[in-house]
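In: Dropping the sequence and predicted coords here.
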Amino acid sequence: MNKSHAPTLILFVVLTVAGGSLIGYASIPGPWYQELQKPALNPPNWIFGPVWTTLYVLIGIAGARVFIRERGTWLPKTWFIQMALNFAWSPVFFSLHRPDLSLVILAFMLIAILCFIALAWDRDRPSALLFLPYAAWVSFAGYLNAAIWWLNPL
């Protein structure tokens, strides 16, 4: 990437972080979430904001890179698919109170993330590497989501 790509990079990062923040704000965990039984490894609530903000910056950078370098291929399409699934998860879990359905969304999101990494590995290795922490966090989120679903029958 060169200086002429800076506007695209900035746009992707800003829209990704802003989109995640807006969805997070619109589906703030309320009393329903506070009353749920949570697994032993559930982190404190204050962790989620900084982690997701950092991940959204990395996701935005990767999205800009593949949009610039691989436009018209499955790589940017896969990026947009995982982003749509990412943005769908919070409202389904926190607003609709559906840990079962959100777990399905999360599983498809993780598949899309892993597909992105696999597709990017030989074409844009930095973008693939930027997605590794995201894949790890979403895997951990899958554990948390599954445990909450298990510990709190509908």
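Out: Alright, I've got the coordinates.
In: List the buried residues in the host helix or strand of Ala135.
Out: Mapping Ala135 onto the secondary structure by DSSP states H and E places it in helix 132-151. Counting neighbours by 16 or more other C-beta atoms under 10 Å, one finds that the buried residues in helix 132-151 are Tyr134, Ala135, Trp137, Val138, Ala141, Leu144, Asn145, Ala146, Ala147, Ile148, Trp149. Every C-beta, even on glycine, is put in place using the N, C-alpha and C of the backbone.
In: got it, and stretch 46-53?
Out: Within stretch 46-53, judged by 16+ other C-beta under 10 Å, the buried ones are Trp52.
In: So for that stretch, mean pLDDT?
Out: Predicted confidence along stretch 46-53 averages 94 (mean pLDDT).
In: go on, stretch 101-120?
Out: Averaging pLDDT along stretch 101-120 gives 98.
In: Just the residues contacting it, thanks.
Out: Here stretch 101-120 makes contact (C-beta atoms under 8 Å, 6 or more residues apart in numbering) with 62, 66, 73-75, 78-79, 81-82, 85-86, 88-89, 92-93, 127-128, 131-132, 134-135, 138-139, 141-142, 145-146, 149.
In: Quick one: distance of the lengthiest helix in the chain to the chain centre.
Out: In the chain, with assignment by DSSP state H, the single longest helix is helix 99-123. Taking the mean of its C-alpha atoms, helix 99-123 sits 9 Å from the chain's own mean (C-alpha atoms, centre = their mean, to the nearest Å).
In: likewise stretch 66-73?
Out: Distance, centroid of stretch 66-73 to centroid of chain: 20 Å (C-alpha atoms, centre = their mean).
In: So for that stretch, what gets flagged as buried?
Out: Taking 16+ other C-beta under 10 Å as the basis for neighbour counts, the residues of stretch 66-73 that come out buried are Val66, Phe67, Ile68, Arg69, Glu70.
In: do the same with stretch 27-42
Out: Within stretch 27-42, the residues that count as buried by 16+ other C-beta under 10 Å are Ser27, Tyr33, Leu36.
In: what's the answer for stretch 78-98, then?
Out: Of the residues in stretch 78-98, those buried (16+ other C-beta under 10 Å) are 78-79, 81-83, 85-90, 92-94, 97-98.
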